[in-house]
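Colleague: Need coordinates for the below:
(2 chains)
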There are 2 protein chains.
Amino acid sequence: MNLILINTTDFIASDTAVLTDHRFEHIRSVHKPDIGALLNVGLLNGAIGKGEVLELNDSCVTLKMSLEKEPPAALPLTLILALPRPKMLKRILQTVSAMGVKELYLINSYRVDKSYWSTPILNQIEEQLKLGLEQAGDTMMPSVHLRKRFKPFVEDELPEIAKNTRSLIAHPYNAEQCSAPESIPTTLAIGPEGGFIEYEVNKLNQCGFKSIHIGERILRVENAVPVLLAKLFPV
Amino acid sequence: MNLILINTTDFIASDTAVLTDHRFEHIRSVHKPDIGALLNVGLLNGAIGKGEVLELNDSCVTLKMSLEKEPPAALPLTLILALPRPKMLKRILQTVSAMGVKELYLINSYRVDKSYWSTPILNQIEEQLKLGLEQAGDTMMPSVHLRKRFKPFVEDELPEIAKNTRSLIAHPYNAEQCSAPESIPTTLAIGPEGGFIEYEVNKLNQCGFKSIHIGERILRVENAVPVLLAKLFPV
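Modeller: Numbers count the residues shown, from 1 in each chain, chains lettered A, B, ... in the order given. Down below sits the predicted model:
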C-alpha cells in the first residue's frame, strides 16, 4: 500500500479523517507511525497528498489531511480484454488499475470458458482495482464494463468507442510490429489465452482494428498487458 | 504449453521420440491430436520444429521429430533481482524465462526477508523456467545464480558481469527516464518490494549503475519486470 485511499465518508471535519477498518490495521501493523508522521494518502477519485497522524490508538487512526497534488496521469486508453480465467482476472484487474487504465471492457470470445462468467471475482472488481490504485499511488477508479456477447458489442458499441483512436488488436498473425510509444487516444483489444478466433479478428478488422505483435514469443495475458502498455505509451 | 520440450533421453531413434509423462498427458487431454497431426516441439537447449504424431495410445505418444528452426533470440541481458517473496518468485521465474532472459542472479538485499531463502520454490527453479519456455516457444534454459550476500556479490562479482554493458538500476529516485529500446548488452538490477536501501543504491552506483525510472506509478515487481524489459529492448 503505497497510498492510503480515503473516502469522503471518512472525514469528520473538512481536513480530518478517521480510519477504523483494514486501512487502520494496515497503518498500525505495517507503517507503525509516530504521532506527527506523514503518510501518503489520496481521496478516492480526488487529489493526493499527505495525512499527518494526529492520533493512533487501539481502535482508530486520526489523520490531518493535506491534499494538494493531482494523481498520476491516466493512460489515454480503452482496453478491451477477453475475460481471463478467474485466477488471472484478479491479478489483471490490479495490474490494469496500477498501470493507469481507466476504461476496461471485459468481453466474451469463443475461447472464453462460459464458467468464467460466474466467478465470484466479478463481484470483487472494485476491491481488486483499489489494490492496484493503492500500489501505484493513484486515486482515480477505472470503469469496468462487462459484455457477455461478442457480436453485439463489436457491431453496436465498439465503433463509437474506437472512433478517432488508434485501434489495435494484440494478435501475432498477419500483424505489424508494435509502433513507437505515443501518448494518443488508443483502443486496444487483447484476446483470451489461445487468442481470438479468425471470425473475431475479422470482425475487429472490419471495425478498423489493426493487428500488432510484440515479437516471436507468446506471452501469457498477465505479461502481455504490461508489455503492450509499456510499448504503446511513453513513460 | 505452446511448445512441448523434448529431452535427448526421450528419443528412441534419431528422429523419433516417445513421451510417457505429464507431456503425454497434456497432449492427450489438451491437444487431442489425430494421427499425423503436427505439434510444436523443441529440443531442450536446441532447435524447434514439428513433431508428427505417429502413435497415441493409453500410455504414450510417439512423435516423428523435425527440428529445423532456431529458438527465438535471447535478450542480451543479465538480470539481477532481489529475491522476491515465494508466491511472486514462482511467477517471476516463469515471466523471466518466457521473455527471453538467459542470465538471472537472485540476490539478497536489506528488504529481502530472511525466510524467503528457505522457500521450497528455490528447489523448483528449473520446473518454473521450463513452464516459461513452453509458454513462449523457446528451448534455451536460463542460468539462475543465487547470491545470499549482497556486498561480496556487488564488490567481487558484479564489476565483471556489468563490464562493457549498459548498467541500470530500476530505482525511482534521482533517476533518469528509461531510454529508448536498444538491443545492446545490458545489466539490470531490480530491488525488492520497497526498493533497495540507500547504501545498496550507492554500492551499485559505485559499480557504474545508473538509476532509471518508469514513471510516477510504483509497480509491483511482477509488473515492473515485463515493463522494464519492454521499454529497454525492441520487439
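Colleague: what does chain A put close to chain B?
Modeller: A:2, A:72-73, A:91, A:94-95, A:98-100, A:135-138, A:177-178, A:213-220, A:222-223, A:226-231, A:235 (CB under 8 Å from any CB of the partner chain). C-betas here are computed from N, CA, C, even on glycine.
Colleague: Separate out the buried members of those residues.
Modeller: Those of those that meet the buried threshold are A:2, A:72, A:91, A:94-95, A:98-100, A:135-138, A:178, A:213-215, A:217-220, A:222-223, A:226-231, by 16 or more other CB atoms under 10 Å in any protein chain shown.
Colleague: Looking at these, which are in helices?
Modeller: If you go by DSSP state H, these have A:91, A:94-95, A:98, A:135-136, A:222-223, A:226-231 in helices.
Colleague: Show me which pair in those is furthest apart.
Modeller: Spatially, the most separated pair among those is A:Gln135 and A:Lys231, at 21.2 Å (CB to CB).
Colleague: Excluding residues flanking it in the chain, which one is nearest the residue nearest to the spatial centre of chain A?
Modeller: In chain A, the centroid-proximal residue (CA atoms, centre = their mean) is A:Ser97; its distance is 2.2 Å. Among residues not flanking A:Ser97 along the chain, A:Gly132 sits closest, at 2.8 Å (CB to CB, 6 or more residues apart in numbering or on different chains).
Colleague: give the contact list for that neighbour.
Modeller: A:Leu93, A:Gln94, A:Thr95, A:Val96, A:Ser97, A:Ala98, A:Met99, A:Asp138 (CB atoms under 8 Å, 6 or more residues apart in numbering or on different chains).
Colleague: Near A:Thr186, how many residues? Count them for me, please.
Modeller: The tally of other residues near A:Thr186 (other CB atoms under 10 Å in any protein chain shown) stands at 19.
Colleague: I figured A:Pro76 was touching A:Thr186, is that so?
Modeller: Yes. In this structure, A:Pro76 is within contact of A:Thr186 by CB atoms under 8 Å, at 6.2 Å.
Colleague: shared neighbours, these two?
Modeller: By the contact definition CB under 8 Å, 6+ apart, A:Pro76 and A:Thr186 are jointly contacted by A:Phe233.
Colleague: Backbone dihedrals for A:Asn57, please?
Modeller: As for A:Asn57, its main-chain torsions (degrees, to the nearest 10) stand at phi -130, psi -160.
Colleague: wait, A:Leu168
Modeller: As for A:Leu168, its main-chain torsions (degrees, to the nearest 10) stand at phi -130, psi 140.
Colleague: surely it meets A:Thr186?
Modeller: Yes. Contact criterion CB under 8 Å: A:Leu168 and A:Thr186 qualify, at 6.8 Å.
Colleague: intersection of neighbour lists for the two?
Modeller: In contact with both A:Leu168 and A:Thr186: A:Leu232, using CB under 8 Å, 6+ apart.
Colleague: the strands in chain A, which residues?
Modeller: A:4-6, A:11-13, A:16-19, A:38-43, A:48-56, A:61-69, A:77-82, A:103-107, A:143-147, A:166-170, A:176-177, A:186-190, A:210-213 (DSSP state E).
Colleague: The last one pairs with which strands?
Modeller: With DSSP bridges as the test, strand A:210-213 is paired with strand A:166-170 (parallel), strand A:176-177 (parallel).
Colleague: and what of the first one?
Modeller: For strand A:4-6, the paired strands and their directions (DSSP bridges) are strand A:38-43 (parallel).
Colleague: Distance from the chain centre to the worst-scoring helix or strand of chain A on mean pLDDT, please.
Modeller: In chain A, the helix or strand scored least confidently by mean pLDDT, DSSP states H and E is strand A:176-177, which has a mean of 86. Averaging C-alpha positions (CA atoms, centre = their mean, to the nearest Å) puts strand A:176-177 25 Å from its chain's average.
Colleague: what's A:Glu222 in contact with, if anything?
Modeller: Counting by CB under 8 Å, 6+ apart, A:Glu222 makes contact with A:Pro84, A:Met88, A:Arg91, A:Ile92, A:Thr95, B:Arg91.
Colleague: looking at it, the fifth one is touching A:Asn223, isn't it?
Modeller: Going back to what we said before, that points to A:Thr95. No. The criterion here is CB under 8 Å, and A:Thr95 misses it with A:Asn223 at 9.5 Å.
Colleague: hang on, the earlier thing: including pLDDT, could the ones in helices among the buried ones among the residues of chain A next to chain B go into JSON lines?
Modeller: Shown next, in JSON lines, are these (pLDDT from 0 to 100):
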{"residue": "A:Arg91", "pLDDT": "95"}
{"residue": "A:Gln94", "pLDDT": "97"}
{"residue": "A:Thr95", "pLDDT": "98"}
{"residue": "A:Ala98", "pLDDT": "98"}
{"residue": "A:Gln135", "pLDDT": "95"}
{"residue": "A:Ala136", "pLDDT": "96"}
{"residue": "A:Glu222", "pLDDT": "95"}
{"residue": "A:Asn223", "pLDDT": "96"}
{"residue": "A:Pro226", "pLDDT": "97"}
{"residue": "A:Val227", "pLDDT": "96"}
{"residue": "A:Leu228", "pLDDT": "96"}
{"residue": "A:Leu229", "pLDDT": "97"}
{"residue": "A:Ala230", "pLDDT": "95"}
{"residue": "A:Lys231", "pLDDT": "95"}
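Colleague: hang on, isn't A:Ser66 packed against A:Ala47?
Modeller: No. At 9.6 Å, A:Ser66 does not count as touching A:Ala47 under the criterion of CB under 8 Å.
Colleague: circling back: tell me the spacing between the residue nearest to the centre of chain A and B:Leu219.
Modeller: 11 Å (CB to CB, to the nearest Å).
Colleague: so what's in contact with these two at the same time?
Modeller: Joint contacts of A:Ser97 and B:Leu219 (CB under 8 Å, 6+ apart) are A:Ala136.
Colleague: what about the spatially closest residue to A:Leu93 that is not a sequence neighbour, neighbour count?
Modeller: Closest residue to A:Leu93 apart from its sequence neighbours, by CB to CB, 6+ apart: A:Gln128 at 3.8 Å. Around A:Gln128 there are 19 other residues, counting by other CB under 10 Å.
Colleague: With A:Ser66 instead?
Modeller: Counted with other CB under 10 Å, the neighbours of A:Ser66 add up to 14.
Colleague: Contact partners for it?
Modeller: So A:Ser66 contacts A:Asp15, A:Gly49, A:Lys50, A:Gly51, A:Glu52 (CB under 8 Å, 6+ apart).
Colleague: Pick out the most distant pair among those residues.
Modeller: A:Asp15 and A:Lys50 (11.4 Å).
Colleague: and the two? which has more neighbours close in?
Modeller: Shown here are A:Asp15 and A:Lys50; by other CB under 10 Å, A:Lys50 has more neighbours (16 against 13).
Colleague: Okay, domains of chain A per the record?
Modeller: If you go by automatic domain parsing, the domain ranges for chain A are A:4-69, A:77-232.
Colleague: To B:Asn7, which of the ones you listed lies closest?
Modeller: domain A:77-232 (21.5 Å).
Colleague: for the closest one, how far is the first residue from the last?
Modeller: End-to-end distance of domain A:77-232: 10 Å, with CA to CA, to the nearest Å as the criterion.
Colleague: got a list of what A:Arg217 touches?
Modeller: A:Arg217 sits next to B:Pro72, B:Ala98, B:Met99, B:Gly100, B:Ala136, B:Gly137, B:Asp138 when contact means CB under 8 Å, 6+ apart.
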